[in-house]
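S.K.: This is a predicted model, with the sequence first.
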Amino acid sequence: MDSQKDSGGSRERRYTIKKSVVGEAERRVFKINYEQDLNPGQLEVVRTIDVPVLVIAGAGTGKTKTLIYRVAYLVELGCNPQSILLLTFTRKAANEMLKRAGALLKSTSAEDVAGGTFHSFANMTLRHYAKVLGYGEQFTILDDSDAADVVNLLRTRLSPEKKSQRFPKKETLVDIYSKSENTLTKIDEIVFKEYPRFIEQIDDILKLKKQFDDYKRKYNLMDYDDLLKNLRELLAQNESVRKAITSKYAYVMVDEFQDTNKVQGEIVRYLGMDKDNVMVVGDDAQSIYSFRGANFKNIFDFPSYFPNCKIIKLTENYRSSQGILNFTNKVIDAAKEKYEKELYSRKKAGGRPAIVGTENENVQSKFVVQRILELREAGITLNDIAVLFRSSYLSFDLEIELTRANIPYVKFGGMKLVEAAHIKDVVAFLRVIENSQDAVGWHRILLLHPGVGPRVAEKVLDRLAHAGTGEKDAGQGAETKIPSSAEELIGFITGEGKKFTKPIEKVESVLRYYEPLMREKYDDYAKREKDLVMFASIAERYKSLQTFLADLALEPPTESVVDLGEKDMKEEQITISTIHSAKGLEWNSVFLIWALDGKFPSMYATDDDEAIEEERRLMYVACTRAKENLYVTYPMNVYDRESGKIFTKPSRFIEVVPSEFYERWNLDFE
């Protein structure tokens with residue numbers, strides 16, 4: 001920094017030498033041997049502190065370790081821990097990083113770092129500056145359910161112009177409003193793209209949004225989206241406040257930058273605008289959360305936000321064998337937009353991935369089960385085995401086979417087959433068809449019908465009980481007056497429900513009856529219809545409805561592990577998971593099932609280039625979870641009832657991989 005003044009005919013200039021943290025690093029004696037503990041790329045990240053930094057951290061390259069060491073390094077340099085801001089996506093992640101940094105330093109000083117989520121940082125900041133935005137400092141935060149209740153309260157006061165058309169449910173409205181806020185997208189664009197059946201209600205949807213915002217401001221309330229929106233507004237529109245906030249932080253670090261939404265991306269830009277002191281870590285190849293509002297472009301826009309930024313790539317992988325990395329490198333090479341990088345490993349164990357085409361879905365499930373048992377016999381614990389899939393419903397057949405083989409499992413992402421509400425509905429229909437005295441089943445399906453509440457349902461159940469088991473009397477001759485919708489249900493159960501013999505015929509009959517009810521009950525019925533299609537395909541294999549229902553009703557395997565009687569098996573269970581829920585995790589052996597074009601990528605993504613690219617990244621994330629064994633399977637003959645198409649081609653994402661990078665397994669049968 002310099003200043004100057006005139007002194008007669010001469011000019012004098014004073015120039016101040018800033019205190020150099022980097023210069024001090026050369027003279028400082030560190031507790032931690034950074035050169036020994038870190039590879040060259042990680043070390044460069046830790047020591048680069050005088051410019052904005054974009055770290056492209058490939059899968060399994062020690063991203064978290066690098067962040068921890070950088071926190072420790074800054075503390076060792078003498079930086080006040082409270083002037084370091086570490087933003088993560090969960091409070092738990094921030095706390096664990098800071099505890100590990102403290103353990104490295106053998107000091108609790110690192111735990112004083114200002115670490116937390118974007119939302120917690122926004123809350124803390126807005127408490128000091130709420131008045132600038134017209135809020136009181138004691139504003140109340142609404143959680144998701146609170147926000148939905150407020151929307152519902154206002155929704156009931158609203159009189160939609162076209163009462164003949166159903167208005168979105170409160171959860172749907174909150175989802176629309178949240179997506180609009182987090183992606184900075186107009187509400188009508190979101191409705192048109194994702195909820196086209198409500199496009200004629202757009203005026204009321206917009207009116208309700210304004211009422212929702214006015215209500216929150218009137219009663220000094222903020223929901224989760226408001227925290228981010230208001231922080232962004234504060235930083236963007238008030239320079240003096242922004243500088244007061246950013247002056248507190250000498251260094252800003254952001255984890256999982258590829259998962260930030262547009263608002264969070266702009267918050268990061270404003271935080272680093274005055275000092276160029278921002279470092280972000282992420283991997284463009286693992287950006288898979290657009291459905292939550294994550295903006296894939298943030299990680300590519302960072303260099304334009306900070307033109308003098310330094311890009312450092314971490315490419316040494318500590319998780320997977322080179323054979324698996326050769327395969328996954330080729331999967332992501334085909335991406336249209338990416339940061340070029342080639343992951344490598346020093347691990348020699350493990351061979352090439354296996355590509356396994358099976359005759360049908362059930363053979364796929366049987367292959368996975370048999371191979372899991374073989375891996376277990378080879379000494380790989382069940383805890384170190386995972387089965388991954390694109391969508392939750394794709395595991396239903398596998399779950400039945402795992403149960404039959406007494407293989408305990410825990411499922412992440414979505415729900416188990418019989419836990420999904422719409423599947424429970426269908427199962428209740430089938431149970432009543434099988435056993436007309438099933439009062440629990442009757443109660444559930446009665447409540448699906450208009451005009452039937454708990455009291456009416458009890459009256460119907462009482463009438464059915466008095467009618468005994470004679471179905472002839474179930475729908476007529478009773479004195480109790482019940483709604484026509486309940487009469488229609490009784491007629492269906494005692495008529496069409498009973499006339500079919502094969503389980504698949506009964507299921508298809510129930511689905512024809514149930515789908516209009518489901519469309520009224522769930523705004524996201526289109527997603528749920530896929531589950532019903534899969535449910536029907538499983539029913540097709542059964543000859544007896546009783547057997548089918550019995551298999552579905554078996555106790556979850558995780559509740560019967562003790563019954564196996566083997567001490568070493570009590571704590572063991574394989575993981576079955578959607579790929580989204582598996583991100584950040586790893587296993588010795590991974591099965592990726594349903595790698596079939598039309599399922600992965602979904603047939604609904606084929607007309608959208610951005611959707612296809614995200615599906616490709618999802619495939620990459622799935623495959624990079626494996627350490628030593630990777631099995632990619634797909635059924636070769638699948639008829640999709642919904643589209644009327646037969647899928648037979650393996651996923652386009654594995655077809656681009658040259659054959660020398662995998663083994664193709666052909667199945668024989670005894």
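M.R.: Perfect, I can see it now.
S.K.: give the contact list for residue 511.
M.R.: Remark: with contacts taken as Cβ atoms under 8 Å, 6 or more residues apart in numbering, residue 511 is in contact with 426, 532, 536. In this view, the C-beta of every residue, glycine as well, is placed from N, C-alpha and C.
S.K.: how close does residue 521 sit to residue 528?
M.R.: Taking Cβ to Cβ, to the nearest Å as the measure, residue 521 and residue 528 are separated by 9 Å.
S.K.: overlap in contacts of those two?
M.R.: residue 422.
S.K.: These two - which one has more neighbours?
M.R.: Set side by side, residue 521 and residue 528 show more neighbours around residue 528, with 19 against 16, by other Cβ atoms under 10 Å.
S.K.: And the helices in the stretch 151-300 of the chain?
M.R.: Assignment of helices within the stretch 151-300 of the chain using DSSP state H, counting those that start in this stretch yields the ranges 170-183, 187-194, 202-218, 224-237, 239-246, 262-272, 298-305.
S.K.: Just tell me which of those ends up closest to residue 335.
M.R.: For the helices of the stretch 151-300 of the chain, the distance to residue 335 is smallest for helix 298-305, at 12.0 Å, taking Cβ to Cβ.
S.K.: could you give the angle of that closest one to helix 262-272?
M.R.: For helix 298-305 against helix 262-272, the angle between stretch directions is 30 degrees (axes from the mean of the first three to the mean of the last three Cα atoms, to 10 degrees).
S.K.: Give the other helices and strands that helix 298-305 contacts.
M.R.: Packing partners of helix 298-305 (3 or more Cβ pairs under 8 Å, 6 or more residues apart in numbering; DSSP states H and E): strand 53-57, helix 262-272, strand 278-282.
S.K.: still on that earlier bit, would you list the helices of the stretch 151-300 of the chain in JSON lines and tack on mean neighbour count?
M.R.: Conversion of these to JSON lines gives the following (neighbours: other Cβ atoms under 10 Å):
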{"stretch": "helix 170-183", "mean neighbour count": "20"}
{"stretch": "helix 187-194", "mean neighbour count": "15"}
{"stretch": "helix 202-218", "mean neighbour count": "16"}
{"stretch": "helix 224-237", "mean neighbour count": "20"}
{"stretch": "helix 239-246", "mean neighbour count": "15"}
{"stretch": "helix 262-272", "mean neighbour count": "22"}
{"stretch": "helix 298-305", "mean neighbour count": "18"}
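S.K.: Out of the ones you listed, flag the one nearest residue 389.
M.R.: The closest approach between residue 389 and any of the helices of the stretch 151-300 of the chain, judged by Cβ to Cβ, belongs to helix 187-194 at 23.0 Å.
S.K.: mind listing what residue 61 touches?
M.R.: Applying Cβ under 8 Å, 6+ apart, one finds that residue 61 lies in contact with 41, 314, 315, 316, 317, 318, 343.
S.K.: Ramachandran coordinates for the nearest residue to it once chain neighbours are set aside?
M.R.: If you skip the residues right next to it in sequence, residue 61 has residue 314 as its closest partner in space, 3.9 Å away by Cβ to Cβ, 6 or more residues apart in numbering. When read as degrees, to the nearest 10, the backbone of residue 314 gives phi -100, psi 120.
S.K.: residue contacts, residue 314?
M.R.: By Cβ under 8 Å, 6+ apart, residue 314 lies in contact with 41, 42, 45, 55, 56, 57, 58, 61, 62, 63, 66.
S.K.: among the helices and strands packed on helix 298-305, which is nearest residue 86?
M.R.: The closest approach between residue 86 and any of the helices and strands packed on helix 298-305, judged by Cβ to Cβ, belongs to strand 278-282 at 9.9 Å.
S.K.: on that earlier part again, in helices, which of the contacts of residue 61 fall?
M.R.: Counting by DSSP state H, the members of the contacts of residue 61 that fall within helices are residue 41.
S.K.: Going through the contacts of residue 61, which ones are buried?
M.R.: Burial by neighbour count, 16 or more other Cβ atoms under 10 Å: within the contacts of residue 61 this picks out 41, 314, 315, 316, 317, 343.
S.K.: Tell me the one among those residues nearest to residue 332.
M.R.: residue 343 (9.1 Å).
S.K.: Redo the helices of the stretch 151-300 of the chain as a markdown table? Include mean pLDDT and distance to residue 660.
M.R.: Written out in a markdown table, the entries for those read as follows (pLDDT from 0 to 100; distance: least, Cβ to Cβ, whole Å):
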| stretch | mean pLDDT | distance to residue 660 |
| --- | --- | --- |
| helix 170-183 | 92 | 41 |
| helix 187-194 | 91 | 41 |
| helix 202-218 | 91 | 54 |
| helix 224-237 | 93 | 47 |
| helix 239-246 | 92 | 52 |
| helix 262-272 | 94 | 40 |
| helix 298-305 | 94 | 31 |
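S.K.: on that earlier part again, which of the contacts of residue 314 sits closest to residue 92?
M.R.: Sorting the contacts of residue 314 by distance to residue 92 puts residue 63 at the head of the list, at 16.1 Å, by Cβ to Cβ.
S.K.: beta partners for the residue nearest to the closest one when sequence neighbours are not counted?
M.R.: Nearest non-adjacent residue to residue 63, counting by Cβ to Cβ, 6+ apart: residue 57, 3.8 Å away. In this structure, residue 57 bridges to residue 314 when assessed by DSSP bridges.
S.K.: I'd say residue 57 and residue 67 touch.
M.R.: No: distance between residue 57 and residue 67: 9.2 Å, which falls outside the contact criterion (Cβ atoms under 8 Å).
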